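Visitor: just need the structure, nothing else, for what follows:
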Amino acid sequence: MSKCVVFLVLAVSAYRASAAYNTPVQRLTDWWDGKYHYFHGFCDLPIDKKYRMRRVKVNLVLDTPSESIQIWKLKVIKKNCDGTEYLMRNKYEIHKGVERADFILKYTSQQIPTGMCFTNLPSPKTTKAPSTPTPTTPKPTTSSPAISTSQSTGNDVYQVPVVKVQEPWGGGSSWTFKGRCTLKISDTWTPATLPVDLIFDQETSNLQIWKMNVLSSSLNGMLYELTNEHRVSPGQLEITFIVDYSGTINSHPQGFCIHVSKITPGSTQPTSFTSTTTTASPSKTTTAQPSTTITKAASSTTGAQSTTTGGTLGETTPVPSNTAHNYGQVLEKSILFYEAQQSGDLPPTHRINWRGDSALGDSGIYGEDLTGGWYDAGDGVKFNLPMSASVINLAVGLYKWRDAYSASNQLQHMYDSIKWPLDYFLKCWQNSTQIYYAQVGNGDTDHAIWTRPEDITISRPPYYLDSSKRGSDVAGGTAAALAAGALAFLSEDSSYSSKLLESAESLYAFAKAHQGTYNTDIPEGAKFYSSSEYRDEMCVSAALLYLATNKTGYRSDAITFYNSYSPGRWAYDWDDKTMLCDVLLYEITQETKYKSAVENFVTSYMPGGSVQYTPCGLAWRLEWGSLRYSANAAFIALLAADAGIGNTANYKQWAMSQIHYMLGDNADAFSYVIGYGSNYPLKPHHRASSCDSPPAVCDWNDYNSPDPNPHVLQGALVGGPDQYDNYEDARDNFRTNEVACDYNAGFQSAVAGLLHFAVNGNLPAAPTPAC
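Guide: This is a model prediction of the structure:
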């Protein structure tokens, strides 16, 4: 049996088990053109409400291999190996009613294809069987295509069941399951040569797996294609994983690991599949089953909602359940905020249903594609100076504390999140022409309108540096972000890591050759983000490149740039990155002067230092985005503790006090993170979330509305209170209530640092709140 056939049988079985709407393929006509057979068919989809672009998923499963498909209302996201399955999403906004998705298949078989469209749409309350267009149309009496397994390719199908390793953990309807497959190996397999399909009987998400790399996932997490990460020798191969699912503790996923080849020649027993006829009722079907039947466990009443996100680190270390706040949930929500900031052609992984594709015309002076990246704050401009600072903080946090994202089941989401701006930065640097794009959109014209990103029609000019301009602050900062990304992706995707590193090195060389701030040559950016120095970005960039390459020239450069200016270390933010350079150079050189600089900075923010405190214990540096400064300082304190700098226990406790204040440990029990807790900001200064979905008009009336934002901007950290803990939840107060990518970056990585220490048993008890 071919791998494609195995994929198809199990895909149909799994999708039939879901509650979503499924409908047979109907035939309009077919014809021959030379050696090719063409089939024109359709599926009628009952649309229950308005859906934005990419929100409707359709999985077309056929019994006949095809070479290609032409389809108009849907966009093909993925095709399986022989063209018997196409995963698609809606290209355009669709409205309530019956939507006909017709298509033309190109194939070579004599037979007329039959198949099914599996969707994520809810089943109609009453569904009539679709009428047959012509007398010659095969009547859809089966829910799955009839598949004969006698046409084997000669490969054996080796199948073993998934075995439960421990009881699921979680609460409510969100649970995490730990399982294992054990394969008997008779041959030696070099890395990335042993293909295994992991198949579940229900939808799953956030798969974390050891010893294997995930090549792809489909069917909403019911199928994962895997390959071996390391060399595999004869003997037993245990594949252990954890995965999230919805249900109860007893309704955990069951499934198989399948290898289509000859793992144990002469001793394996190929799995046989039998094609079975099913009734037309969507509520009850009889599906094709492998030789070992997957049977769902009986459901039971769920327990109380847990207070800590479940997950495991490695294979044995459980996530602590006694942290004062749910760090895993905070990470999850912060990642969602960055998805709300995405510009461009949104990826299939995008989860914010009130956002759509936007700024698809962003381009360079020669037409280069500059789509993608993040909108800066509540506006529609892409400023690379603060965006690169955000990516540096997030990527360094992921590189240092990857286990925190793994333990909270957010690792894949985090990689997806950080890859979006990194892909954009790769577009911004044109090494062949020595042009670096530092900004897209004009702040003045953008801020003069109040509209959702999807409706922006004003000109979005690109601002760039070339050999005649200076800007090693923004170029060096972007090189640093690319280098940090290369470090973070090294264990996840070595090819992509190499691509980032190559771009980082060439952009660093460009920045080094054109030293100076960008203030003069790109005043349109400096008007909103004026740069006070460039050697801090160059120092961080060189230090990260040294860590990524071990080239001593970068180490020397970092030290040279560090010694060439006298920073005030007033704050760690998008403008001054000196404190990160202090930490990195101490880790690289172990020299006392860098350690002392870090200690002086952290203690200046702790009680008794030079930074002012609010009555309820927030280290308050400045009124404009006050929480950003204390969150960034907490991030530096945790990096210092991780490097063995200073009083590590005190640093951790102080960082906790600042992060916990933001999460609700204050006089009003008010969370400054939107969506976390039950009392949080409702009117952030943010265009996209302040406007109802189309066709509603989005304009200054929404800005002036006294009502809460129609959409919850999950995970966004607002600016914060004044020096007396006073806070106004008002959309027009952009000092206290604006959100920004750089606000969340240091905050999110600080939370990851706290969870890292908690997972490893090195987090002290939470401090008592001051109020």
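Visitor: roughly how far does the nearest residue to Q439 once chain neighbours are set aside sit from V381?
Guide: In this structure, Q439 finds its nearest non-sequential neighbour in Y463, 4.1 Å apart by Cβ to Cβ, 6 or more residues apart in numbering. (Glycine included, C-beta is placed from N, CA and C.) Y463 sits 10 Å away from V381, going by Cβ to Cβ, to the nearest Å.
Visitor: now do the shared contacts for these two.
Guide: Taking Cβ atoms under 8 Å, 6 or more residues apart in numbering as the criterion, Y463 and V381 both touch Q439, V440.
Visitor: number of residues surrounding the residue nearest to Q439?
Guide: Number of residues near Y463 (other Cβ atoms under 10 Å) recorded here: 22.
Visitor: surely it is in a strand?
Guide: Yes: Y463: assigned to a strand according to DSSP: H, G, I helix; E, B strand; the rest coil.
Visitor: am I right that V583 is in a helix?
Guide: Yes: assigned with three-state DSSP, V583 falls within a helix.
Visitor: correct me, but it touches G644?
Guide: No: V583 lies out of contact with G644 (Cβ atoms under 8 Å); the separation is 11.0 Å.
Visitor: which of the two has more neighbours?
Guide: V583 (25 against 11).
Visitor: can you pull the contacts of the closest residue to that one other than its chain neighbours?
Guide: Excluding the flanking residues, the one nearest V583 by Cβ to Cβ, 6+ apart is L639, at 4.9 Å. Residues near L639 by Cβ under 8 Å, 6+ apart: V396, K400, L580, V583, G753.
Visitor: which two of those residues have the greatest separation?
Guide: L580 and G753 (13.5 Å; Cβ to Cβ).
Visitor: tell me which element T119 is part of?
Guide: strand 115-122 (DSSP states H and E).
Visitor: by contact count, what packs against that strand?
Guide: helix 3-16, strand 20-24, strand 36-47, strand 57-62 (3 or more Cβ pairs under 8 Å, 6 or more residues apart in numbering; DSSP states H and E).
Visitor: okay, the angle between it and strand 57-62?
Guide: 160 degrees (axes from the mean of the first three to the mean of the last three Cα atoms, to 10 degrees).
Visitor: CA atoms only for strand 115-122, dumped as CSV, please.
Guide: Only the C-alpha atoms of strand 115-122 are listed here, as CSV (Å, rounded to 0.1, in the frame of the first residue of the first chain):
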residue,chain,number,x,y,z
GLY,A,115,-15.0,12.0,-2.9
MET,A,116,-16.0,14.2,0.0
CYS,A,117,-15.5,17.8,1.1
PHE,A,118,-14.8,17.9,4.8
THR,A,119,-15.2,21.4,6.4
ASN,A,120,-14.9,23.2,9.7
LEU,A,121,-18.4,24.5,9.2
PRO,A,122,-21.1,23.5,11.6
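Visitor: got the angle for it vs strand 20-24?
Guide: Orientation check (the same axes, to 10 degrees): strand 115-122 against strand 20-24 gives 160 degrees.
Visitor: between strand 36-47 and strand 115-122, find me the angle.
Guide: Going by the same axes, to 10 degrees, strand 115-122 makes 20 degrees with strand 36-47.
Visitor: and strand 115-122, what's buried?
Guide: G115, M116, C117, F118, T119, N120, L121 (16 or more other Cβ atoms under 10 Å).
Visitor: one step back: surely the residue nearest to V583 is within a strand?
Guide: No: counting by three-state DSSP, L639 is not part of a strand but helix.
Visitor: and it, how far from W401?
Guide: Taken as Cβ to Cβ, the span from L639 to W401 is 10 Å.
Visitor: and L87, by the same measure?
Guide: Taking Cβ to Cβ, one finds L87 at 33 Å from W401.
Visitor: does C181 sit in a helix, a strand or a coil?
Guide: strand.
Visitor: and the pLDDT at it?
Guide: pLDDT for C181: 92.
Visitor: next step: the contacts of L639 restricted to helices.
Guide: V396, K400, L580, V583, G753 (DSSP state H).
Visitor: which residues does the first one contact?
Guide: Contact partners of V396, counting by Cβ under 8 Å, 6+ apart, are A484, L487, A488, L580, L639, S749.
Visitor: which residue is the nearest non-sequential neighbour of the second one?
Guide: Nearest residue to L487, sequence neighbours excluded (Cβ to Cβ, 6+ apart): Y399, at 4.6 Å.
Visitor: do the same with V381
Guide: G441 (3.9 Å).
Visitor: please enumerate the helices of the stretch 601-750 of the chain.
Guide: 626-642, 648-663, 687-690, 700-704, 734-737, 741-759 (DSSP state H, counting those that start in this stretch).
Visitor: which other helices and strands contact the helix or strand hosting F256?
Guide: In this assignment (DSSP H and E), F256 forms part of strand 255-260. Under the contact criterion of 3+ Cβ pairs under 8 Å, 6+ apart, strand 255-260 touches helix 3-16, strand 157-161, strand 174-185, strand 195-200.
Visitor: strands paired with the third one, and their directions?
Guide: Each strand pairing with strand 174-185, determined using DSSP bridges, is listed with its direction: strand 163-171 (antiparallel), strand 235-246 (antiparallel).
Visitor: and what of the second one?
Guide: The pairing partners recorded for strand 157-161 under DSSP bridges are strand 255-260 (antiparallel).
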